[in-house]
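> this one's sequence-less:
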C-alpha cells in the first residue's frame, strides 16, 4: 500500500537575515511538514532563534520568503505580516527561551490573557466590556472554558488558582505551552522548551509533545539543545550551522550525517572518537 505524501505546512525559501555586516541566516531553505514535529538544531550562534524571530514577525528578513499553507486562507507570506498578525491571522504562535508568564496572576488568568485578541474584539474596544453586554459575556465564558480545557489536557487543572510565579520551573514551562495553545495555533514554535528541566521533566515534555502531535495533530517547530528531546520526538530535523542549513531529514539520517557531527563536536580521524560523537548527537550528550 502506498504511503500518502506528507503535506508541507511551511516552506522557508532562500531566507537571509543580515544585521549590518553580520549575516545571521544565509540563504536558508527548509520544509516544515503539517501535523509533525520538526526539530531545528545547531551549535550556539547558528541562527536558530533568528529564524524563529523571522517566522513570528519580530524581524523582517533581508531576502527570502516564509510561505505558510493555511487551510482556510491559502498561502500566507509571513515575512509581509507584522508580529501581531502572524499570531492572530496566520496562527503561528511561539514560546521563548526565557519564561514570560505573568508571575502574580493565577495560572488560569495567564491563559485567559493570552486570548486578549478575541476578548478585545468582543468588548468592541471596551464599550461592550464596560456594560457587560451579552456578546462580551459569551466571549469571556468561551475563553475561560478554552483555558480550562487546556489545563485539563496538560494535567494542570488543579493548579488553576495558584500564582504562576510560585510554581516549580518545570510546571511554568508547561503553563507557557498551555497558554500558547489557547490561541488555537496552526504552527506552534517552541524555543528551547527543555531549557532548565531535569531529566524527569524532560521526559514529561517528550510525552506532552508526542501527545500534541500524535493525538491532536498539531504541527510543532522545535528549537532545542537537549538531544534527548529532539531525537526522541522529532519526525523531521533541520540542522543549521553559521546560518546555513547543513542537513535535513529524519533523526536517523541527521544523527549519522558527517557534517552534523563535525558542526557539533569537530573533526577527528580516530574511529572510536567518531563513534562517540555520533552517540552524542543522537542523544547521549547535551552539546
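Nice, I can see it. Because the structure is predicted, anything quoted here is derived from the model rather than measured. Residues are numbered from 1 along each chain as shown.
> Helices of the stretch 101-250 of the chain, residue ranges please.
For the stretch 101-250 of the chain, applying DSSP state H, counting those that start in this stretch gives helices covering 107-113, 116-122, 127-130, 134-153, 169-181, 199-210, 227-233.
> Make CSV from those and add mean pLDDT, mean neighbour count and distance to residue 35 to it.
(Each C-beta comes from the backbone N, C-alpha and C, glycine too.) Shown next, in CSV, are these (pLDDT from 0 to 100; neighbours: other C-beta atoms under 10 Å; distance: least, C-beta to C-beta, whole Å):
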stretch, mean pLDDT, mean neighbour count, distance to residue 35
helix 107-113, 93, 21, 24
helix 116-122, 57, 15, 25
helix 127-130, 47, 14, 37
helix 134-153, 83, 16, 17
helix 169-181, 94, 21, 15
helix 199-210, 93, 16, 13
helix 227-233, 90, 21, 14
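> if I look at residue 236, how far off is residue 10?
To residue 10, residue 236 is 11 Å away according to C-beta to C-beta, to the nearest Å.
> what's the overlap in contacts for the two?
Counting by C-beta atoms under 8 Å, 6 or more residues apart in numbering, the common neighbours of residue 236 and residue 10 are 31-32.
> nearest to residue 73, of the helices of the stretch 101-250 of the chain?
Of all the helices of the stretch 101-250 of the chain, it is helix 116-122 that lies closest to residue 73, at 16.2 Å by C-beta to C-beta.
> Span of stretch 181-197 from start to end?
Stretch 181-197 has an end-to-end distance of 20 Å (criterion: C-alpha to C-alpha, to the nearest Å).
> so residue 185 makes contact with residue 93?
Yes. In this structure, residue 185 is within contact of residue 93 by C-beta atoms under 8 Å, at 3.9 Å.
> So which of these two has more stuff around it?
Neighbour comparison, residue 185 and residue 93: the larger count goes to residue 93, with 22 against 19 (by other C-beta atoms under 10 Å).
> In terms of pLDDT, where does that one sit?
pLDDT recorded at residue 93 is 94.
> which phi and psi does it have?
Main-chain dihedrals, residue 93, degrees, to the nearest 10: phi -120, psi 150.
> so what's it up against?
56, 87, 180, 183, 185, 187-189.
> thinking again about what came up before, neighbour count winner among residue 236 and residue 10?
residue 10 (24 against 21).
> Which positions in the host helix or strand of that one come out as buried?
Assigned by DSSP states H and E, residue 10 belongs to strand 8-19. Buried residues in strand 8-19, counted by 16 or more other C-beta atoms under 10 Å: 9-10, 12, 15-17.
> Adjacent strands (with direction) for it?
strand 22-33 (antiparallel), strand 63-70 (antiparallel) (DSSP bridges).
> okay, the ones you listed in CSV with distance to residue 217, mean pLDDT and mean neighbour count next?
Formatted as CSV, those follow (distance: least, C-beta to C-beta, whole Å; pLDDT from 0 to 100; neighbours: other C-beta atoms under 10 Å):
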stretch, distance to residue 217, mean pLDDT, mean neighbour count
strand 22-33, 12, 96, 18
strand 63-70, 15, 97, 18
